[in-house]
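A.B. asks: All I have is the shape, not the residue letters:
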């Protein structure tokens, strides 16, 4: 049901009934070691190239879930490499129909929303949702060769290696997706590719405001506001913006997936990022710890929609943020 | 001997600090900074200042990328003395071939030997 | 949307680059590389048949050889994160730009991958160096 301008309430909520997460060596040393299902030993995992390893990560995770839920028909996903090639190459042996999005790190949010919309049809079916990212493959695509000696400023973020896929169904046990607010493309005039936090925080803020107005709610109605990968910088900006707008919000209420995955001493600068960042956090720590209690949580996936070529031609970083409400 | 090492340490270090300031204070990309340094190197040699600088600082002046611009101009001018204006084109890479050739050759060897590591 | 507010708030939270630390580190690392280059020069001067003018060539080649090893073993980028311009400005930074591109694009094959991308990063240095030198050499020839 459409509420307000960009928000929807689902009359049959989609339930997250199963999930599988996988991550790389750096994430293994982080905070979520006990809650992530599988780790790869290095960024190659016996493959020849980083891109093939990216494909393998997706293939493995999808196959594990397909073996448990063989009747799944659609996969809502997307990745950061040109035209989602790792995803499409990874699905060659499955019967899944891929529905891929190009919303960078916000892909997981849009995938959850789209899957929830599809489950509104009323058919008894299961769909798969998930995202994956790979540090070295993304670094090569968006920045410089991995061995190139550049100095990253403290505001930069590190792409997470890993991610998670989950199965959504109309019935079953698990956290439910009850509301969604779709984002729009925001240009706040930021152009530093080494500071994604400041570029994405306005988009996150815009979607949050839209949700609060559409659904007539305030931050106090939610236990947590989980952001995708704003990092330490973006999270601080979002907090200030919310307070400036007059909302009562606790600092502890805001959780950023990018900040939670890694320990403070790890060399990730402002925190993790990437398409797999939010899905890894939500489907490991979220499912296995947070949603064990009865909670109502706002989940916002934020993404920057630039490409290296576009950024050189038009120095603008457009961003987007998609929101879902998860209740358990 | 020790003095020459010390001088090259200080001079080379100071040039690198200038580069760091261009990146951090003037918010330029490393590629811009390096290109600027090469152009400065060739201008300095055009003014005849880089040779005395090398005599003074040794490797402190030849190892930073500025010396690439210096060597380009120097090679071009040396050849131009002998074969006229066409020497600018003939002699351009005469003195810089060590840097470029070894970078290309070792780049190829590196590609043959190593796998990308993050 | 209030872009001015966004920029004011973002400015407040943008972590400053550690300027002093970066400068000290680039001074030390850049200085050490140049001093090391001087040591190599002295070595070639004393033990081989090189003159003051020609000793630069083997020095540069040796430095780039060492860069190749450090880049190949994945150490150079780790040092560069600390050293900043200290590892970019010396000729080792030029070598690293060439070698890193070559190694990274090996996965796309030797002809189009390595061959097509080897000057991806170092190309601008060569372009502007050569073009500026061409102009300057011409001016100097015309003036004298």
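C.D. replies: Nice, thanks for sending it over. Please read these numbers as outputs of a predicted model, since none were measured by experiment.
A.B. asks: and residue A:147, how far is that from chain C?
C.D. replies: Using Cβ to the nearest Cβ, to the nearest Å, one obtains 4 Å as the distance from residue A:147 to chain C. Every C-beta, even on glycine, is put in place using the N, C-alpha and C of the backbone.
A.B. asks: To which secondary structure element is the residue positioned nearest the centre of chain C assigned?
C.D. replies: Note on chain C: the residue nearest the mean C-alpha position is residue C:93, at 1.9 Å, using Cα atoms, centre = their mean. In this assignment (DSSP states H and E), residue C:93 forms part of helix C:91-104.
A.B. asks: So which bits of that helix are buried?
C.D. replies: C:91-104 (16 or more other Cβ atoms under 10 Å in any protein chain shown).
A.B. asks: ok, and the residue lying closest to the residue nearest to the centre of chain C once chain neighbours are set aside, which helix or strand is that part of?
C.D. replies: In this structure, residue C:93 finds its nearest non-sequential neighbour in residue C:87, 5.7 Å apart by Cβ to Cβ, 6 or more residues apart in numbering or on different chains. Element membership of residue C:87 [criterion: DSSP H and E] is helix C:85-88.
A.B. asks: who touches residue A:105 in this structure?
C.D. replies: Residues near residue A:105 by Cβ atoms under 8 Å, 6 or more residues apart in numbering or on different chains: A:200, A:228, A:229, A:273, A:274, A:275, A:277, A:278, A:301, A:302, A:303, A:304.
A.B. asks: now residue C:27
C.D. replies: Neighbour list for residue C:27: B:13, B:14, B:16, B:17, C:86 [criterion: Cβ under 8 Å, 6+ apart].
A.B. asks: Just give the nearest non-adjacent residue to residue 101, would you?
C.D. replies: Let's take chain A. By the measure of Cβ to Cβ, 6+ apart, the closest residue to residue A:101 outside its immediate chain neighbours is residue A:78, 4.0 Å from it.
A.B. asks: Not quite, go with chain C.
C.D. replies: Spatial nearest neighbour of residue C:101, excluding adjacent residues (Cβ to Cβ, 6+ apart): residue C:120 at 4.6 Å.
A.B. asks: can you give me the helices in chain C?
C.D. replies: C:3-13, C:19-47, C:56-72, C:76-83, C:85-88, C:91-104, C:115-117, C:123-143 (DSSP state H).
A.B. asks: Of the ones you listed, which is nearest residue B:72?
C.D. replies: Across the helices of chain C, residue B:72 has its closest neighbour in helix C:123-143 (3.6 Å, Cβ to Cβ).
A.B. asks: Need the residues that contact the closest one.
C.D. replies: Applying Cβ under 8 Å, 6+ apart, the contact partners of helix C:123-143 are B:31, B:34-35, B:38-39, B:41-43, B:45-46, B:65, B:68-69, B:72-73, B:76-77, B:80, B:85, B:88-89, B:92, B:100, C:94, C:97, C:119.
A.B. asks: Give the PyMOL command for selecting the buried subset of those residues.
C.D. replies: The buried residues among the contacts of helix C:123-143 can be selected in PyMOL (16+ other Cβ under 10 Å) with this line:
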select buried, (chain B and resi 31+34+35+38+39+41+42+43+45+46+65+68+69+72+73+76+77+80+88+92+100) or (chain C and resi 94+97+119)
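A.B. asks: Narrow the contacts of helix C:123-143 to those in helices?
C.D. replies: When those are checked against helices (DSSP H), the matches are B:31, B:34-35, B:38-39, B:41-43, B:45-46, B:68-69, B:72-73, B:76-77, B:80, B:88-89, B:100, C:94, C:97.
A.B. asks: Tell me which residue of chain A lies closest to chain C.
C.D. replies: At 2.8 Å from chain C, residue A:149 is the closest residue in chain A, using Cβ to the nearest Cβ.
A.B. asks: Per-residue confidence, the nearest residue to that residue once chain neighbours are set aside, what does it come out as?
C.D. replies: In this structure, residue A:149 finds its nearest non-sequential neighbour in residue C:80, 2.8 Å apart by Cβ to Cβ, 6+ apart. Looking at residue C:80, its pLDDT reads 95.
A.B. asks: List the contacts of residue C:80.
C.D. replies: So residue C:80 contacts A:148, A:149, A:150, A:151, C:87, C:88, C:96 (Cβ under 8 Å, 6+ apart).
A.B. asks: next one: residue A:204
C.D. replies: Residue A:204 sits next to A:227, A:230, A:234, A:238, A:300, A:302, A:321 when contact means Cβ under 8 Å, 6+ apart.
A.B. asks: my hunch is that the last one is in a strand, does that hold up?
C.D. replies: To tie it back to what came earlier, the one meant is residue A:321. Yes. Residue A:321: assigned to a strand according to DSSP: H, G, I helix; E, B strand; the rest coil.
A.B. asks: Report how many residues lie close to it.
C.D. replies: 32 (other Cβ atoms under 10 Å in any protein chain shown).
A.B. asks: pretty sure it contacts residue A:303?
C.D. replies: Yes. Counting by Cβ atoms under 8 Å, residue A:303 is a contact partner of residue A:321 at 7.3 Å.
A.B. asks: hey, what's in contact with both of those two?
C.D. replies: What both residue A:321 and residue A:303 touch, as defined by Cβ under 8 Å, 6+ apart, is the set A:106, A:200, A:203, A:228.
A.B. asks: Double-check that residue A:265 belongs to a strand.
C.D. replies: No. Under three-state DSSP, residue A:265 falls outside any strand and is assigned coil.
A.B. asks: OK, contacts around it?
C.D. replies: Listed by Cβ under 8 Å, 6+ apart, residue A:265 has no contact partners.
A.B. asks: if you set the cut-off to 10 Å instead, what comes out?
C.D. replies: Contact analysis of residue A:265 by Cβ atoms under 10 Å, 6 or more residues apart in numbering or on different chains lists residue A:29.
A.B. asks: Ramachandran angles for it?
C.D. replies: When quoted as degrees, to the nearest 10, the phi and psi of residue A:265 stand at phi -80, psi -10.
A.B. asks: Now do it against residue A:29, distance only.
C.D. replies: In this view, residue A:265 and residue A:29 are 9 Å apart by Cβ to Cβ, to the nearest Å.
A.B. asks: What of residue A:188?
C.D. replies: 34 Å.
A.B. asks: Between the two, which is the more surrounded one?
C.D. replies: Between residue A:188 and residue A:29, counted using other Cβ under 10 Å, residue A:188 has the larger neighbour count: 25 against 11.
A.B. asks: For that one, which residues are in contact?
C.D. replies: The contact partners of residue A:188, by Cβ under 10 Å, 6+ apart, come to A:198-203, A:205-206, A:316-319, C:1-7, C:10.
A.B. asks: So it: helix, strand or coil?
C.D. replies: Residue A:188 - assigned by three-state DSSP - is coil.
A.B. asks: Not counting residues beside it along the chain, what's closest to it?
C.D. replies: Nearest non-adjacent residue to residue A:188, counting by Cβ to Cβ, 6+ apart: residue A:202, 3.9 Å away.
A.B. asks: quick one: pLDDT of that neighbour?
C.D. replies: What the model reports as pLDDT for residue A:202 is 94.
A.B. asks: Please compute how far whatever helix or strand it lives in lies from its chain's middle.
C.D. replies: Using DSSP H and E, residue A:202 falls within helix A:196-215. Offset of helix A:196-215 from its chain centre (Cα atoms, centre = their mean, to the nearest Å): 15 Å.
A.B. asks: neighbouring strands for the helix or strand just after it, and are they parallel or not?
C.D. replies: The helix or strand immediately downstream of helix A:196-215 is strand A:224-227, counting by DSSP H and E. Sheet pairing here is set by DSSP bridges, and for strand A:224-227 it gives strand A:254-256 (parallel), strand A:296-304 (parallel).
A.B. asks: Give me the angle between the last one and helix A:196-215.
C.D. replies: Right, strand A:296-304. 130 degrees (axes from the mean of the first three to the mean of the last three Cα atoms, to 10 degrees).
A.B. asks: Buried residues, strand A:296-304. List them.
C.D. replies: Neighbour counts over strand A:296-304 (16+ other Cβ under 10 Å) mark A:297, A:298, A:299, A:300, A:301, A:302, A:303, A:304 as buried.
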